[in-house]
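S.K.: Need the 3D shape of this:
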Amino acid sequence: MKRLLLIIALLSSMCFSAHAQESGQPCYKYIIVSMVPKERGESDIKVYLDDGIKDKRLVDEKGDVIKFSTRAGMLNYFSQKGWEYVETTVVPNGSMVSGMMSLTVMRKKATQQELDRMLESVVR
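M.R.: Presented below is the predicted three-dimensional model:
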């Protein structure tokens, strides 16, 4: 499911960027933020980032894992970093005890050159 969303986001960014060149509108790069719900006894939500290159845990500049206690905290964090909310999809995460995992799509303005460099490393 995450891969399908990634492919859709990448194809959309290619279509939007081609249209943007013609119309003068901005290009965007996309990320998918996966939030895995808290397990019993845990205080933080696990967050993974798919930046179009690879899936990874969300870490700060020092390499320490960034933790959030709420989903709104994650949205505010990315908003502060210049990312714009696009949509969230909720999917089952194993048993109903562990809750639902959310996949949140965020976007940020990018140059055509940034998109070209990113796509060179992921499209085969």
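S.K.: what stretches of this structure score poorly on pLDDT?
M.R.: Along the chain, segments meeting pLDDT under 70 span 1-23, 41, 93-99, 124.
S.K.: Please, where are all the strands along it?
M.R.: Ranges of strands within the chain are 27-36, 46-50, 55-57, 84-92, 100-110, based on DSSP state E.
S.K.: Distance from the chain centre to the first one, please.
M.R.: On the basis of C-alpha atoms, centre = their mean, to the nearest Å, strand 27-36 is displaced by 1 Å from the centre of the chain it belongs to.
S.K.: cool, the fourth one as well?
M.R.: Strand 84-92 has its C-alpha centroid displaced from the chain centroid by 9 Å (C-alpha atoms, centre = their mean).
S.K.: Alpha carbons of it, as PDB, please.
M.R.: This file holds the C-alpha atoms of strand 84-92, laid out as PDB (Å, rounded to 0.1, in the frame of the first residue of the first chain):
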ATOM      1  CA  GLU A  84       2.400  21.300   3.600                       C
ATOM      2  CA  TYR A  85      -0.200  18.700   4.500                       C
ATOM      3  CA  VAL A  86      -1.900  16.900   1.500                       C
ATOM      4  CA  GLU A  87      -3.800  13.900   2.900                       C
ATOM      5  CA  THR A  88      -3.900  11.100   5.300                       C
ATOM      6  CA  THR A  89      -4.900   7.400   4.700                       C
ATOM      7  CA  VAL A  90      -5.600   5.100   7.600                       C
ATOM      8  CA  VAL A  91      -4.900   1.400   7.200                       C
ATOM      9  CA  PRO A  92      -5.200  -1.600   9.600                       C
END
